[in-house]
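Student: here is my input, please return the structure:
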Amino acid sequence: MTEEDVLHEMGHASTDHVLLADPATLTADQRAARKGLEALHASIAKSDLFKGEQGTADVREFVAEVESNKDFRNKL
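Tutor: Residues are numbered from 1 along each chain as shown. Got it, this is the predicted structure:
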């Protein structure tokens, strides 16, 4: 397992509780942050620049890739 793999999995561990939660259980700030992340993911998921990138699979993968993958971040 590489350092990037560890960071990627830590990204899931630190954000999945918000990304997978029922929105009714989140604070207003958490809902707004989640909505913003979902909008960012949707905008890059359709871009040819990001074709084939793991971070386009879903918002959870998007967040984990942003936190762990320097090349992915640089594309943003």
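Student: going by C-alpha atoms from here, please, whenever you check contacts or count neighbours.
Tutor: Noted.
Student: what is the burial count for residue 4?
Tutor: Neighbourhood size, residue 4 [other C-alpha atoms under 10 Å]: 15.
Student: and the pLDDT at the closest residue to residue 62 other than its chain neighbours?
Tutor: Leaving aside its sequence neighbours, residue 62 sits nearest to residue 55 (C-alpha to C-alpha, 6 or more residues apart in numbering; 3.9 Å). Looking at residue 55, its pLDDT reads 96.
Student: ranges for the helices of this structure?
Tutor: 3-19, 28-45, 59-68, 70-75 (DSSP state H).
Student: now those as CSV including distance to residue 51?
Tutor: Below are the helices of the chain laid out as CSV (distance: least, C-alpha to C-alpha, whole Å):
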stretch, distance to residue 51
helix 3-19, 19
helix 28-45, 8
helix 59-68, 13
helix 70-75, 11
